[in-house]
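> task: produce atomic coordinates for the following.
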Amino acid sequence: MDKNKQGAVPRHVAIIMDGNNRWAKKRLLPGVAGHKAGVDAVRAVIEVCAESGVEVLTLFAFSSENWQRPAEEVGALMELFLGALRREARRLLDNDISLRIIGDRSRFHPELQAAMREAEQLTAGNRRFTLQIAANYGGQWDIAQAAQRLAREVQAGHLQPEDITPQLLQGCLATGDLPLPDLCIRTGGERRISNFLLWQLAYSELYFSDLYWPDFKHEAMRKALADFATRQRRFGKTSEQVEAEARS
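Here you go, the predicted structure:
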């Protein structure tokens, strides 16, 4: 796919699913109700991305900073995550969708870690679409763990410091074997990326929606993709250069 072509579908979409708690609060419901309602939005977005030709969808489900939330909410989120993995894995398999989970799993309960592995293994052979869930993930953590991998290679004598390039470090990131995100969406009205895919979003188009995540369904996702199709991605070049390349 020509990365400069206007009207193109993004190969990789990344989403910061924000606004669950505020959605629930607005309805005088407990916060966990918003997270449960957000599962329907996840299904809707997956459907639109898969039918539109998107290859990878990365969802920011739980950040490394989210452990600071009230213990009751964190516990409910873990139960919701575990239930969703067990319930949705078969649906993903039936729809030829591969599941990947990125982030530091060491802090999760062994039962949840096992469910992650089982869901990934079950769907590993699927090729239509990749769903990537960022859980206990942080962009700074990702860059640090990539740097640590390269440092170990230098320490072992397999690599010289001057051999380390941006491309080499990028390959060591949690998403290193996937295309970089073309489009990053954040719901909930906030205008920041909150330590999400810091390296990978360097040239991503940003799209902000005022909708709370549970309300971000099929129509909203199609609107975001349509907006992306109007963007001219220059990657440091001038508009004239991009247009000349498109004509040729």
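
> contacting residues around the residue nearest the centre of the chain?
Of all residues in the chain, the one closest to the mean position by C-alpha atoms, centre = their mean is T58, 2.2 Å from it. Residues near T58 by C-beta atoms under 8 Å, 6 or more residues apart in numbering: H12, V13, A14, I15, I102, Q132, I133, A134, T175, P181, L197. Just so you know, the C-beta spots here come from the backbone N, C-alpha and C atoms, and that holds for glycine as well.

> so K36 makes contact with F81?
No: in this structure, K36 is not within contact of F81 by C-beta atoms under 8 Å, at 11.4 Å.

> now A76: closest residue in space that isn't a chain neighbour?
Nearest non-adjacent residue to A76, counting by C-beta to C-beta, 6 or more residues apart in numbering: V32, 4.1 Å away.

> max-length helix in the chain?
Ranked by residue count and defined by DSSP state H, the top helix of the chain is helix 71-94.

> and the next helix or strand after it, what's buried?
Next helix or strand after helix 71-94 toward the C-terminus (DSSP states H and E): strand 97-102. The neighbour-count check on strand 97-102 (16 or more other C-beta atoms under 10 Å) flags I97, S98, L99, R100, I101, I102 as buried.

> quick check: next helix or strand after the helix or strand hosting I143?
Using DSSP H and E, I143 sits in helix 139-155. Next in sequence after helix 139-155, counting helices and strands by DSSP H and E, comes helix 166-171.

> just to revisit the earlier point, just confirm the residue nearest to the centre of the chain is within a strand.
Yes: secondary structure of T58 (DSSP: H, G, I helix; E, B strand; the rest coil): part of a strand.
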